[in-house]
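Visitor: Coordinates for the following, if possible.
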Amino acid sequence: MVGVGMIFDETYRPFFEQVRRDGLYDRRFGLCEVELAAVASRTGQRAEAYRKSAGDRIGDFANYSGPEAVSQLLDQEVDFVCVATPDHRHFQSAMAALQAGKHVLIEKPSVLTLHQLDQLTQASEQHQKLCKVVYHKLLDPDHKKLRTLVVDGVLQHVNHGYCSLLEPKSIATGQFSEWITGRNPATYVAVHYIKLIDFTFGGKLQSVSCSGQRGLVGPANGSTWDSTQLRLIYRYADGRSAAFDIHTSWVTPDNFPGYVEQEVQFRFDNGVWNSHGRKRGVECTVEGLTPMQMKTTLNNHYNGTFQEPFGGRTQRGYGIEVLERFTREVAYVQLCQNPSSETDRL
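Guide: Numbers count the residues shown, from 1 in each chain. This next block holds a predicted model:
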């Protein structure tokens, strides 16, 4: 594991704890034991705090820190490496892992330039290793249903769409303040919706334009953006086109009732799809807790902790499901006993 920040705690931590407890079974490769073997980070402090708090929920892992941490991690006999650092550090760690012969899973956005993406793709093919990006919103049940209706021809030919994802101000001024200078929320979260649009509707991207606002996270004439409005135009095989607007921000007031504001709307020739992250589920108010310590609207689809009716407590959601899927793919490539070669399975 490279990086042990917010996303590690939300998805990787519960995944590693669950798979340590239950193992990973698939009839193609049998029971696969998955252990968090090593962690690389800048200071090692969070990893050490996690080790102490987790107890027997996690095995003993090597904790590397400092400039050589990734190299030290790769000297361990690990099978795959997960990269969940701030995104401007993704490329170096991912490339080093591929060159060391490891499968790689990278948080979105994978890298910040197309040239870096080409290099990772080439290294993945050269070393015959999986290299994938976590776009967990493709696994959101609502988004999967949207794509199902498109594939089945129920919703016919998208005409235009609107997507928004608004993050609270505490993200930009707290957790991400160390690396946010010179950045924008489109690179950070609009990529989720670019991927959703591209994957769901296909077509060929014709143009990209963007506007934005500054002055809250950084100076009004600086290089750090508070919010962005992205427009994509796609053209399809029948000669028709569609426009998609994606609005993102990380300066929503901290007393906003939801953790994030997520909205998706697509208009088709024969219908309209509306999905709203806060309005699709539950509202809960608790005196003295909501909406600051605990939010009024809960996203139980992405990452929820549940007391199960059959006893015990689980942490589940599409943010964790995507990690399990990648782990199964690695196990299939490396451990499957069928007559096909590892290259064929890859």
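Visitor: Now do Tyr188: how many residues are near it, please.
Guide: Counted with other CB atoms under 10 Å, the neighbours of Tyr188 add up to 22. Yep, even glycine has a C-beta here, placed from its N, CA and C like the rest.
Visitor: ugh, wrong one, Val251
Guide: Using other CB under 10 Å, Val251 is surrounded by 20 other residues.
Visitor: next helix or strand past the lowest-mean-pLDDT helix or strand in the chain?
Guide: Least confident element among the helices and strands of the chain, by mean pLDDT, DSSP states H and E: strand 282-283 (a mean of 66). Later in the chain than strand 282-283, the nearest helix or strand by DSSP states H and E is strand 297-298.
Visitor: Now that next one: average pLDDT?
Guide: For strand 297-298, the mean pLDDT works out to 74.
Visitor: Return the distance of stretch 160-178 from the chain's centre.
Guide: On the basis of CA atoms, centre = their mean, to the nearest Å, stretch 160-178 sits 14 Å off its chain's mean C-alpha point.
Visitor: how about the helices in this protein?
Guide: 6-7, 13-22, 45-54, 69-74, 90-99, 114-127, 141-151, 169-170, 185, 191-201, 318-335, 342-345 (DSSP state H).
Visitor: Out of those, which is closest to Val272?
Guide: Proximity to Val272, assessed across these by CB to CB, is greatest for helix 141-151 (11.5 Å).
Visitor: which strands and helices sit next to the closest one?
Guide: Here helix 141-151 touches helix 191-201, strand 261-268, strand 272-276, going by 3 or more CB pairs under 8 Å, 6 or more residues apart in numbering; DSSP states H and E.
Visitor: change it to 10 Å
Guide: Packing partners of helix 141-151 (3 or more CB pairs under 10 Å, 6 or more residues apart in numbering; DSSP states H and E): helix 191-201, strand 261-268, strand 272-276, helix 318-335.
Visitor: Okay, buried residues for that helix please.
Guide: Neighbour counts over helix 141-151 (16 or more other CB atoms under 10 Å) mark 142-143, 146, 150 as buried.
Visitor: How about stretch 295-307?
Guide: Buried-residue list, stretch 295-307, by 16+ other CB under 10 Å: 295-299, 301-303.
Visitor: Switch the helices of the chain over to a markdown table; also include mean pLDDT and distance to Val83.
Guide: Shown next, in a markdown table, are the helices of the chain (pLDDT from 0 to 100; distance: least, CB to CB, whole Å):
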| stretch | mean pLDDT | distance to Val83 |
| --- | --- | --- |
| helix 6-7 | 90 | 10 |
| helix 13-22 | 95 | 15 |
| helix 45-54 | 96 | 15 |
| helix 69-74 | 97 | 9 |
| helix 90-99 | 98 | 5 |
| helix 114-127 | 97 | 11 |
| helix 141-151 | 88 | 24 |
| helix 169-170 | 85 | 24 |
| helix 185 | 92 | 21 |
| helix 191-201 | 94 | 15 |
| helix 318-335 | 92 | 12 |
| helix 342-345 | 88 | 23 |
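Visitor: so which of those comes closest to Gly222?
Guide: For Gly222, the closest of those is helix 185, at 14.8 Å, according to CB to CB.
Visitor: Could you check how far the closest one is from the centre of its chain?
Guide: Centroid separation between helix 185 and its chain, computed with CA atoms, centre = their mean, is 14 Å.
Visitor: And stretch 122-131, by the same measure?
Guide: Here stretch 122-131 is found 21 Å from its chain centre; the criterion is CA atoms, centre = their mean.
Visitor: Pick the most buried one from the helices of the chain.
Guide: Comparing those by mean neighbour count (mean count of other CB atoms under 10 Å), helix 185 ranks first with a mean of 26.
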